[in-house]
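Colleague: Any chance you can model this:
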Amino acid sequence: MASPRTSGLCPNCRKLISLDEPACPYCGIANPGSRWRMSFLSRWTGGNLDLVRLIIYTNVAFYLLSILINPAGIGITMNPLLFFSPSESSLFLMGATGSLPIAHFHRWWTLITASFLHGGLLHIFFNMMALNQLGPFVVAEFGVHRFAVIYTVTGVAGFFLSYLAGIPFTIGASASICGLIGAILYFAKSRGGFYGDAMYRQAMGWVVGLVLFGLLIPGINNWAHGGGLVAGIASAFILGYEDRHQETSFHRILGNICIFGTAGVLIWAVMSAFYQLFQHMAYFR
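Modeller: Here you go, the predicted model:
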């Protein structure tokens, strides 16, 4: 019969401790060895959550929901950028943002939900491919909670700037993805050395590609891209990164506020969309 474990990683600070300690000697969290602390919930507080994968799954789920809300409005066109696109009414119900939803309907919460909506198969494919490439790097260099703050704040900042610029209707994860690029730019320039210089050149290549893409392809929200990029640089400067400062309790609190706050807003968006949809159906019944 195997003997019970007497040591393990603290679910909060991830340092090796004795599991029978009444409090972690490093971070002070109470009962670090309790089953509840060591359960799945500790992934949220301990930084062991694959947040990038969770965000990708959520984007895919919202894309499918925006299709299912109004299947008759699906865009079947030869334009690859608009192929299999949800209807504008579906996107509005699910939380598209811009001057129309905010100024006319006071839907400020759409500054968060818009990052989880996409206008077609290629739109979501390229955004999720970029997130899958950039996200794990930012998590590794900043920590999962600082990643959550950067991803959330830069998406909101990018869409808020585009709202101020008068963009009427906009969606997509690219504002937050540009925020990740901004964070990488700051990290690479600040770290320096061969590794930092190589990362900086690569990140600048992404920026040049974004600028060219925005100039050549109509309908690109360059205001959101630029706002996300600048907000990413500023967020990385304020929060710091792992090589200089490990994540603190303050970072974990901010990260969990962003994670659970975003989850709450997304749940509200889905409930609101289906409530309005059922009201519409009842009215015309």
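
Colleague: If we ignore the residues flanking it in sequence, what's nearest the residue nearest the centre of the chain?
Modeller: For the chain, the residue nearest the mean C-alpha position is residue 151 (4.2 Å; Cα atoms, centre = their mean). Of all residues not flanking residue 151 in the chain, residue 176 sits nearest, at 4.8 Å (Cβ to Cβ, 6 or more residues apart in numbering). Where you see a C-beta, it was placed from the backbone N, CA and C, and this is true even at glycine.

Colleague: Which segments of the protein make up each domain?
Modeller: Using automatic domain parsing, the domain ranges for the chain come out as 1-48, 49-283.

Colleague: among the ones you listed, which gets the worst mean confidence?
Modeller: Note on these: domain 1-48 shows the lowest mean pLDDT, a mean of 62.

Colleague: Tell me the spacing between residue 20 and residue 32.
Modeller: For residue 20, the distance to residue 32 (Cβ to Cβ, to the nearest Å) stands at 10 Å.

Colleague: More neighbours: these two, which one.
Modeller: residue 32 (28 against 11; other Cβ atoms under 10 Å).

Colleague: The helix or strand hosting residue 255 packs against which elements?
Modeller: Here residue 255 sits within helix 249-283, counting by DSSP states H and E. The contact analysis (3 or more Cβ pairs under 8 Å, 6 or more residues apart in numbering; DSSP states H and E) places helix 249-283 against helix 42-46, helix 51-69, helix 88-94, helix 110-113, helix 144-164.

Colleague: so can I have JSON lines of those helices showing distance to residue 258?
Modeller: Listed next are those as JSON lines, based on distance: least, Cβ to Cβ, whole Å:
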{"stretch": "helix 42-46", "distance to residue 258": "12"}
{"stretch": "helix 51-69", "distance to residue 258": "10"}
{"stretch": "helix 88-94", "distance to residue 258": "20"}
{"stretch": "helix 110-113", "distance to residue 258": "9"}
{"stretch": "helix 144-164", "distance to residue 258": "4"}
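
Colleague: right, and these - which one's nearest residue 243?
Modeller: helix 144-164 (12.5 Å; Cβ to Cβ).

Colleague: so how far is the closest one off the chain centroid?
Modeller: Here helix 144-164 is found 8 Å from its chain centre; the criterion is Cα atoms, centre = their mean, to the nearest Å.

Colleague: Show me what the next helix or strand along the chain from that helix is packed against.
Modeller: Using DSSP H and E, the next helix or strand after helix 144-164 towards the C-terminus is helix 174-191. Here helix 174-191 touches helix 121-142, helix 144-164, helix 193-216, helix 222-239, going by 3+ Cβ pairs under 8 Å, 6+ apart.

Colleague: got the buried residues for the last one?
Modeller: The neighbour-count criterion (16 or more other Cβ atoms under 10 Å) identifies 222-236, 239 as the buried residues of helix 222-239.

Colleague: Taking helix 121-142 as reference, get the angle to that helix.
Modeller: Between helix 222-239 and helix 121-142, the angle comes out at 10 degrees (axes from the mean of the first three to the mean of the last three Cα atoms, to 10 degrees).

Colleague: List the contacts of helix 222-239.
Modeller: Outside of helix 222-239, the residues within contact range by Cβ atoms under 8 Å, 6 or more residues apart in numbering are 142, 146, 149-150, 153-155, 157-162, 165, 167, 170, 172, 174-187, 207, 210, 214, 251.

Colleague: same question, the first one
Modeller: Contacts of helix 121-142 from elsewhere in the structure, counted by Cβ under 8 Å, 6+ apart, are 51-52, 55-56, 59-60, 63, 80-81, 83-85, 118, 147, 150-151, 172-174, 176-177, 180-181, 183-184, 187, 236, 239, 241-243.

Colleague: Drop anything exposed from those.
Modeller: Among the contacts of helix 121-142, those scoring as buried are 51-52, 55-56, 59, 63, 81, 83-85, 118, 147, 150-151, 172-174, 176-177, 180-181, 183-184, 187, 236, 239, 241 (criterion: 16+ other Cβ under 10 Å).
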